[in-house]
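Student: Give me the fold of what follows.
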Amino acid sequence: DADSHAPPLLRALEQAQCFVNLFAATSHDGSVTNLLHRSKRVLLLLHNNIARTGATPPLSASASKGRGMFYQLYELNHAAMQPFRAYADAVKLFYSNPLNPFSHTSFGRSVAAAAELFERTTRRYGKPEFGLPSTVVDWKTVDVDEKVVWSRPFCNLIHFERSLPPQRKADPKLLIVAPMSGHYATLLRGTVEAMLPHAEVYITDWADARMVPLAEGRFDLDDYIDYVIDMLHTLGPDTHVMGVCQPSVPVLAAVSVMEGRGDRFAPATMTLMGGPIDTRRNPTAVNLLAEEKGIDWFRDNVIMQVPWPDPGFGRSVYPGFLQLSGFMSMNLDRHIIAHKDFFLHLVKNDGDNAVKHRDFYDEYLAVMDLTAEFYLQTVETVFVRHALPKGEMKHRGEPVDPGAIRNVALFTVEGENDDISGIGQTQAAHDLCVNIPDEMRAHYMQPKVGHYGVFNGSRFRSEIVPRIVDFMTSYGHANRRAPAKPRLVRTAKGPAA
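Tutor: Got it, this is the predicted structure:
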């Protein structure tokens, strides 16, 4: 992405264009508007003249507006709503205060509910906490301490360290690779909580791209794969890796590269859950959109630049608010009904259901930006070209061949009602990993769950977690029931010579 390497002057000119566009669109003074439009033409001419002497391609006026204007308007709208949110919050506190007689009436609760609903629907949600201070191991409650054990500009590796007796037998090491698809890693809080009694859990905590300065450089799909490999090296041998949703592809690619190199730190087992390994199988609305639009449409319509004064000012990103809009539009009626029910729960003083709503949407509405290069490369590789199942995927020029995997046990999990990754898309990993012995592979399809239920909820805890734990225990290097095949028999592209 050329914008990440553009000279600072070019980035400043682009942002200046965005501000001029913004003021021109909101000014009601004709003379001021004419002056602003002339300023815009001068800025565009200056930008293109500089660009012709460097590596950055000239920008059209529409491209500049499309890539910067929407993010600026979003920030402007958020700032403009701040006084109204503060007022709504004050109204809510006034009408919900038990010392106020109106708080005990339907009228008072209705006003407080409306004020809270307004404040919540116009708020920008920050990164949530994992909030897992303890867990139960061997029927005893033990403390859990979050520690960052590995750090890079775009990711921290968090270890949920349990306070266990030193003489106790060590549990398996589990690396959970969280999705980098708009939500924070805390979306997998339930996944971590369910695995803590059974394993030493580590999770990737991806950074919000708008908070990473341009000086830290780029981050694309190749970097993602490198990060996974580096983390597995840090954790050492006999580590188990779990890719949840989108990371299934880079996790499978990382393990393929490691096995192809004969890397002794390749994981003992690989669990892929609800991932888009081959989106040609039972394509969902998300898959069909990517194929229909093509990569150029995404580049022209959803990539924007981080506005000032965020630390990542000038970085090209796929904004989290666009991702959230896409998620919510898929089930808009369900979200509208949920907020209507939330209002009614507040009016009826039904605190339990109101708390459940707050907990879910505090997580669901907290989103982060993705770097443009990572987003576009992922869309093109996974959803447009289907490079991995076609055997065309490469990592820094090195072919990614799942057929090279023969020492890592493979477990795949899907949900019957998954509307993000259709049935069969994750199971396709078994058709690619042709050299994993049959006794070292398994697939499970969980009935009556959607995408979220594959890695969270009651059915995940009662039916999926025991299977994952049993698989890790059976195929950890210390307990492996059968040795892996010592040589490569065939590749995913055909028989070996």
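Student: quick one, phi psi at the closest residue in space to residue 147 that isn't next to it in sequence?
Tutor: On the basis of C-beta to C-beta, 6 or more residues apart in numbering, the spatially nearest residue to residue 147 that is not a chain neighbour turns out to be residue 159, at 4.9 Å. For glycine as for every other residue, the C-beta is placed from the backbone atoms N, C-alpha and C. With angles defined as degrees, to the nearest 10, residue 159 sits at phi -110, psi 130.
Student: what's next to stretch 161-168, contact-wise?
Tutor: 135, 137-138, 142-147, 196, 200 (C-beta atoms under 8 Å, 6 or more residues apart in numbering).
Student: For residue 127, state which of those is nearest.
Tutor: Of all those, residue 146 has the smallest distance to residue 127: 13.3 Å, by C-beta to C-beta.
Student: need the contact list for that closest one.
Tutor: Counted by C-beta under 8 Å, 6+ apart, residue 146 has contacts 130, 132, 158-161.
Student: Looking at these, which are in strands?
Tutor: Among the contacts of residue 146, the members falling in strands (DSSP state E) are 158-161.
Student: one step back: only whichever of the contacts of stretch 161-168 are buried, select them in ChimeraX.
Tutor: To isolate the buried ones among those in ChimeraX, judged by 16 or more other C-beta atoms under 10 Å, type:
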select :135,137,144,196,200
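Student: Isn't the residue nearest to residue 147 up against residue 202?
Tutor: Yes: in terms of C-beta atoms under 8 Å, residue 159 counts as a neighbour of residue 202; the distance is 5.1 Å.
Student: and for those two, which residues touch both?
Tutor: Joint contacts of residue 159 and residue 202 (C-beta under 8 Å, 6+ apart) are residue 149.
Student: Who has more neighbours out of the two?
Tutor: Ranked by neighbour count (other C-beta atoms under 10 Å), residue 159 and residue 202 place residue 202 first, with 25 against 19.
Student: doesn't that one fall inside a helix?
Tutor: No: per DSSP: H, G, I helix; E, B strand; the rest coil, residue 202 lies outside any helix segment and is strand.
Student: quick one, what contacts the residue nearest to residue 449 when sequence neighbours are not counted?
Tutor: Nearest non-adjacent residue to residue 449, counting by C-beta to C-beta, 6+ apart: residue 415, 4.3 Å away. Residues counted as contacts of residue 415 (C-beta under 8 Å, 6+ apart) are 274, 445-446, 449-451, 453-454.
Student: Flag the least confident of the contacts of stretch 161-168.
Tutor: Confidence by pLDDT is poorest for residue 138 among the contacts of stretch 161-168, given 90.
Student: now that one: how far from residue 174?
Tutor: According to C-beta to C-beta, to the nearest Å, residue 138 stands 18 Å off from residue 174.
Student: now swap in residue 87 and tell me
Tutor: Using C-beta to C-beta, we find residue 87 at a distance of 47 Å from residue 174.
Student: burial count for the spatially closest residue to residue 387 that is not a sequence neighbour?
Tutor: Leaving out its chain neighbours, the residue that sits closest to residue 387 by C-beta to C-beta, 6+ apart is residue 393, at 3.9 Å. Neighbourhood size, residue 393 [other C-beta under 10 Å]: 22.
Student: For residue 241, grab phi and psi.
Tutor: phi -120, psi 140.
Student: Hmm, it is touching residue 177, no?
Tutor: Yes: the pair residue 241 and residue 177 qualifies as a contact (C-beta under 8 Å) at a distance of 6.6 Å.
Student: what do the two both touch?
Tutor: Common neighbours of residue 241 and residue 177 (criterion: C-beta under 8 Å, 6+ apart): 228, 251.
Student: The helix or strand hosting residue 377 - contacts with which helices or strands?
Tutor: Taking DSSP states H and E as the criterion, residue 377 maps to helix 372-378. Contact analysis of helix 372-378 by 3 or more C-beta pairs under 8 Å, 6 or more residues apart in numbering; DSSP states H and E lists helix 221-235, helix 295-301, strand 316-318 as its packing neighbours.
Student: Distance to residue 324, mean pLDDT and mean neighbour count for the ones you listed - can I get that in CSV?
Tutor: Listed next are those as CSV, based on distance: least, C-beta to C-beta, whole Å; pLDDT from 0 to 100; neighbours: other C-beta atoms under 10 Å:
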stretch, distance to residue 324, mean pLDDT, mean neighbour count
helix 221-235, 21, 97, 21
helix 295-301, 16, 88, 15
strand 316-318, 11, 92, 26
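Student: Ok, which of the ones you listed comes nearest residue 181?
Tutor: Using C-beta to C-beta, the helices and strands packed on helix 372-378 put strand 316-318 closest to residue 181, at 9.6 Å.
Student: What residues of whichever helix or strand comes after the closest one count as buried?
Tutor: Note on strand 316-318: by DSSP H and E, the next helix or strand toward the C-terminus is helix 320-330. For helix 320-330, the neighbour count (16+ other C-beta under 10 Å) marks 320-324, 327 as buried.
Student: repeat for stretch 458-478
Tutor: Buried, per 16+ other C-beta under 10 Å, within stretch 458-478: 459-460, 464-465, 468-469, 471-476.
Student: outside of it, which residues touch it?
Tutor: Contacts of stretch 458-478 (C-beta under 8 Å, 6+ apart): 172, 174, 190-191, 194-195, 198-199, 237-238, 240, 242, 268-269, 271, 409, 411, 413, 440, 442, 444, 446, 448-449, 453-455, 479-481.
Student: quick revisit: any idea of the mean pLDDT in the helix holding residue 377?
Tutor: In this model, helix 372-378 has an average pLDDT of 94.
Student: can you pull out the strands in the stretch 1-150 of the chain?
Tutor: Shown for the stretch 1-150 of the chain, the strands assigned by DSSP state E, counting those that start in this stretch span residues 134-137, 140-152.
Student: out of these, nearest to residue 315?
Tutor: Set against residue 315 and scored by C-beta to C-beta, these come closest in strand 140-152, at 16.1 Å.
Student: Can you check what angle separates that closest one from helix 221-235?
Tutor: For strand 140-152 against helix 221-235, the angle by axes from the mean of the first three to the mean of the last three C-alpha atoms, to 10 degrees is 130 degrees.
Student: pull the CA atoms of strand 140-152 into PDB?
Tutor: The C-alpha trace of strand 140-152 is given here as PDB (Å, rounded to 0.1, in the frame of the first residue of the first chain):
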ATOM      1  CA  LYS A 140     -10.100 -25.600  43.700                       C
ATOM      2  CA  THR A 141     -10.300 -21.900  43.000                       C
ATOM      3  CA  VAL A 142      -7.000 -20.400  41.900                       C
ATOM      4  CA  ASP A 143      -5.900 -16.900  41.100                       C
ATOM      5  CA  VAL A 144      -5.200 -15.900  37.500                       C
ATOM      6  CA  ASP A 145      -2.700 -13.200  36.500                       C
ATOM      7  CA  GLU A 146      -2.500 -11.600  33.000                       C
ATOM      8  CA  LYS A 147       1.100 -11.200  31.800                       C
ATOM      9  CA  VAL A 148       2.400 -10.000  28.500                       C
ATOM     10  CA  VAL A 149       5.100 -12.500  27.600                       C
ATOM     11  CA  TRP A 150       5.800 -11.300  24.000                       C
ATOM     12  CA  SER A 151       5.300  -8.000  22.300                       C
ATOM     13  CA  ARG A 152       5.400  -6.500  18.900                       C
END
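Student: In the sheet, which strands lie alongside that strand, parallel or antiparallel?
Tutor: Strand pairing for strand 140-152, using DSSP bridges, gives strand 134-137 (antiparallel), strand 155-162 (antiparallel).
Student: hey, which of the ones you listed is tucked in deepest?
Tutor: strand 155-162 (a mean of 20; mean count of other C-beta atoms under 10 Å).
Student: Help me confirm that residue 95 comes into contact with residue 105.
Tutor: No: checked against C-beta under 8 Å, the pair residue 95 and residue 105 is beyond contact range at 9.3 Å.
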